[in-house]
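K.L.:
mind folding the following:
(one chain, ligands or ions: 1)
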Amino acid sequence: MFKKVLIALISVVLVVFLLLQLVPYGRNHTNPPVIAEPNWDSPQTRAYFYRACADCHSNETVWPWYSNIAPLSWLIQRDVEEGRAAFNISEWGTKRENEGDEAAKLVQEGEMPLPIYLPLHPEARLSAQEKQAFIQGLIATFGGEGKKTSGESEKGESEGEND
Ligand code: HEC
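P.N.:
From the prediction side, this is the model:
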């Protein structure tokens, strides 16, 4: 009896899993052409970027095998699409908006790379020292040391704020 229920349960899970694979979203693994890159302050900064950011913020995404398996494929597709839309170093200088000036701050605060990315990309983990060097490189390349993170970015003093 118990065994039958268990087999039935496993079958249902399997069928649902197989049905998920039929959803067409998540398989569009394109890497559009690289048009232009930013003027990196150093090859080192670019190297850090390729380690920790480029999969979601360039047109040179490395699509891992599990990016073909739903529901992971859906998450990955969405992160790459949204990441590229906000900040894409492969289409630098095109009219599209680029939020590179936020990059240093997001790395400082540990918001980028997205934490969900790290367990499967240990190479994207930067040591404290690497992180500081990377932040300096991001500021030198993209600008953006302006905003302080410690509660002093109140209304009055934010000139040139544009979002
Ligand atoms: C796993 C994918 C992924 C990785 C890796 C990643 N990002 Fe992002 N990034 C995103 C997504 C998705 C968004 C858009 C999210 C949003 O707007 O809230 C984003 C947004 C941004 C933005 C735009 C600002 C904003 O708030 O929208 C910047 C700048 C940025 N990321 C920098 C970086 C940097 C620097 C790294 C490497 C240290 C990095 N990201 C790594 C997915 C990623």
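K.L.:
which other helices and strands contact the longest helix anywhere in the chain?
P.N.:
Longest helix of the chain, by residue count under DSSP state H: helix 2-20. Contact partners of helix 2-20 among helices and strands, from 3 or more CB pairs under 8 Å, 6 or more residues apart in numbering; DSSP states H and E: none. Every C-beta, even on glycine, is put in place using the N, C-alpha and C of the backbone.
K.L.:
average pLDDT across that helix?
P.N.:
For helix 2-20, mean pLDDT rounds to 96.
K.L.:
and the contacts of that helix?
P.N.:
Helix 2-20 is contacted from outside by 70-71, using CB atoms under 8 Å, 6 or more residues apart in numbering.
K.L.:
list the buried residues of the helix or strand that that helix is followed by.
P.N.:
Using DSSP states H and E, the helix or strand that follows helix 2-20 in sequence is helix 43-52. Neighbour-count burial for helix 43-52, with 16 or more other CB atoms under 10 Å as criterion, is recorded at 45-46, 48-52.
K.L.:
over to stretch 55-72?
P.N.:
Neighbour count says stretch 55-72 has 55-59, 61, 63, 67, 70 buried, by 16+ other CB under 10 Å.
K.L.:
out of those, who's near the ligand?
P.N.:
55-57 (CB under 6 Å from any ligand atom).
K.L.:
next, the closest residue to Gly143 other than its chain neighbours: secondary structure please.
P.N.:
Leaving aside its sequence neighbours, Gly143 sits nearest to Asp101 (CB to CB, 6 or more residues apart in numbering; 4.9 Å). Secondary structure state of Asp101, per DSSP: H, G, I helix; E, B strand; the rest coil, is helix.
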